[in-house]
Each structure stands twice: as structure tokens, then as C-alpha cells.
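*Asks:* sharing a model that was predicted from the sequence below.
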Amino acid sequence: MNIKRRVLHDPQGHSSALNDILFILLLFFLIISTLANPNVIKLSIPKAKSDTKAKQTVVVSINDQQQFFIGTNSVPVDSLKPWISRAIAKSGDAEPTVVINADKMANADGIVAVMRAAHELNVRTVLAVDNNSR
């Protein structure tokens, strides 16, 4: 008796669609990563008619609860000067600038404290404003 065995075929899935899906996912994550900025503290800054462009060596943010942030690090008001000097030393700029992002509800005392600390370090300060005058 001549019994032939059937040749079993290896089942193969088509992976051509997988390449398209991976490309679309890669493109999606690249676009989203450029839109997301992790170093952002939500503030509503005051509005002005003109805008001064300055290189942001050190960014000091003051929120509506009068909390101070250098970058995203929370800093007590009495240690602003050492934190600012460390950030300036880390940046290595020849003409450093401290940009103050203050919320509309921030007290003038906080803004003046940052300006005083920058003045003692002989650093120029700039107050950030929103130039949309609506």
C-alpha cells in the first residue's frame, strides 16, 4: 500500500501591514513629542503691547500661590540667589539673562525678590509678558 503523507505547509502571516502601522505610530509619537514640553509651569502672565526678546539663560516662574520655580524645581524665596547662580554657572553664558514668568496674581514682592537676587549677581532681568493685547 502506497500511503503518501501530506506535506504540511508552514502557516505564514503577512507582515506587510505591520510595517505601515509601525511607521504611522512612529510618526505620531514624533509629532506629539515636539508638542509636549515637560518644563512648563502653567501661568497666566500679564499682557502687553510690545514683547522683548531675550535669551532665556535662567527662567524663574512665580505661580499664583507665590511659589518660586527655577526651571521645574521648586525653590524657597530665601535661597533664590544660590539657585540662580548655579543655573547661570551651568549654562556658561557670557551675558546671562534671568527671565521672570510671573502669574497675574503673583505679588510684586516676589518679582522684586527675584530682581534683587539677580541684581546682586549682576545679571540682567526680563519680565515675560503675553503680547496678545486682547
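*Replies:* Here it is on my side, so go on.
*Asks:* now name the helix or strand holding residue 110.
*Replies:* Residue 110 belongs to helix 108-120 when assigned by DSSP states H and E.
*Asks:* and that helix, what does it pack onto?
*Replies:* Here helix 108-120 touches strand 58-62, helix 80-91, strand 97-102, strand 124-127, going by 3 or more CB pairs under 8 Å, 6 or more residues apart in numbering; DSSP states H and E. Every C-beta, even on glycine, is put in place using the N, C-alpha and C of the backbone.
*Asks:* can I get these in JSON lines with mean neighbour count?
*Replies:* Output for the helices and strands packed on helix 108-120, formatted as JSON lines (neighbours: other CB atoms under 10 Å):
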{"stretch": "strand 58-62", "mean neighbour count": "24"}
{"stretch": "helix 80-91", "mean neighbour count": "16"}
{"stretch": "strand 97-102", "mean neighbour count": "21"}
{"stretch": "strand 124-127", "mean neighbour count": "16"}
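*Asks:* mind putting these into JSON lines with mean pLDDT and distance to residue 118?
*Replies:* Shown next, in JSON lines, are the helices and strands packed on helix 108-120 (pLDDT from 0 to 100; distance: least, CB to CB, whole Å):
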{"stretch": "strand 58-62", "mean pLDDT": "87", "distance to residue 118": "8"}
{"stretch": "helix 80-91", "mean pLDDT": "86", "distance to residue 118": "6"}
{"stretch": "strand 97-102", "mean pLDDT": "86", "distance to residue 118": "4"}
{"stretch": "strand 124-127", "mean pLDDT": "84", "distance to residue 118": "5"}
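*Asks:* okay, these in a markdown table with distance to residue 33 next?
*Replies:* Converted to a markdown table, the helices and strands packed on helix 108-120 look like this (distance: least, CB to CB, whole Å):
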| stretch | distance to residue 33 |
| --- | --- |
| strand 58-62 | 21 |
| helix 80-91 | 24 |
| strand 97-102 | 23 |
| strand 124-127 | 28 |
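*Asks:* and these: which comes nearest residue 24?
*Replies:* Between residue 24 and the helices and strands packed on helix 108-120, the shortest separation by CB to CB is 35.2 Å, and it involves strand 58-62.
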